[in-house]
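Trainee: Quick one, what's the 3D model for this:
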Amino acid sequence: MHRTQYEIWDGNRAAPATESFLRALLAGAVQQDYIAADWFARFSEFDLADPQRIGVVKDTKLHTKVGWLKHHFPQIRFYGIWRDPRAILCSLVRNGFHTRWYGEPAYLDTVRLIARAPGLAVFAELARDCRDAVEKMALVIAVRTAAMAMELPAVQWIVYEQVQEDPDRHLNAFCRALGLPEYAFSEYVAWDYNVSGLPFRGAQLWREYFAGRELHRIDRIFQEIDGVATAA
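Mentor: Got it, this is the predicted structure:
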């Protein structure tokens, strides 16, 4: 998945390692050799011994694979997580991830993806007009989101900002749909080791971080995906 994250897979694509991993997961087993990140071992709470288990997998590299996944694994429910892309961009730049995961190679892969996918043609001119690393990273975020929106209807998007404002309301909707008891998510948000538990959560840091002309040029890119949030 990591090596091909900018390739759109159709239903005929052969991906035996991914199929094997997901079939094992559905059967209650985890093939550890498929997982590249050490976060799974450190943070996963997937209880293989629980016969009522429900596994939730969050990944940031599946945007172009949703069609393939739905075709091969219709029993798995898929949701997109929408977060204001300006906030995503701000977070990545501030944390330095852009040089390792979203730098020039990711931009070039995204340009190739735009050329191959007719549904992404609206980004072609924007790609040619990118002036610096920040704008190129904005393009990567926008194109990935647009590719995912082509496969997921509005009802299958979770809005990050809404979950932050009222986690009990929005997350318990999933509990009810899955026949699980409701949970006091709001009591544990502050313990979150990721973004939602940090002191500045809810603050629109990007408004201060990007200013003037830079924000205007970023908005030119992100306006192409603003409809995803509106629909969700």
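
Trainee: For Asp168, pull up the helix or strand it's in.
Mentor: Per DSSP states H and E: Asp168 is located in helix 167-177.

Trainee: quick check, distance from that helix to the centre of its chain.
Mentor: The chain centroid and the centroid of helix 167-177 are separated by 19 Å under Cα atoms, centre = their mean, to the nearest Å.

Trainee: Now the element after that helix, going C-ward?
Mentor: Next element after helix 167-177 (DSSP H and E): helix 205-209.

Trainee: and that next one, what other elements does it pack with?
Mentor: Under the contact criterion of 3 or more Cβ pairs under 8 Å, 6 or more residues apart in numbering; DSSP states H and E, helix 205-209 touches helix 85-95. Every residue, glycine included, has its C-beta placed from N, CA and C.

Trainee: contacting residues around Leu25?
Mentor: By Cβ atoms under 8 Å, 6 or more residues apart in numbering, Leu25 lies in contact with 31, 55, 57.

Trainee: if we can go back for a sec, for the helix holding Asp168, the averaged confidence score.
Mentor: On average, the pLDDT along helix 167-177 is 91.

Trainee: and what of stretch 24-44?
Mentor: 78.

Trainee: Equivalent analysis for stretch 223-231, please.
Mentor: With pLDDT averaged residue by residue, stretch 223-231 scores 86.

Trainee: Would you mind writing the CA trace of it as CSV?
Mentor: C-alpha atoms of stretch 223-231 as CSV (Å, rounded to 0.1, in the frame of the first residue of the first chain):
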residue,chain,number,x,y,z
GLN,A,223,-11.4,25.2,-3.2
GLU,A,224,-11.6,22.2,-5.6
ILE,A,225,-12.4,19.9,-2.7
ASP,A,226,-14.4,22.1,-0.4
GLY,A,227,-17.6,20.5,-1.7
VAL,A,228,-16.6,17.2,0.0
ALA,A,229,-17.1,18.8,3.5
THR,A,230,-20.3,20.5,2.5
ALA,A,231,-21.8,17.2,1.3
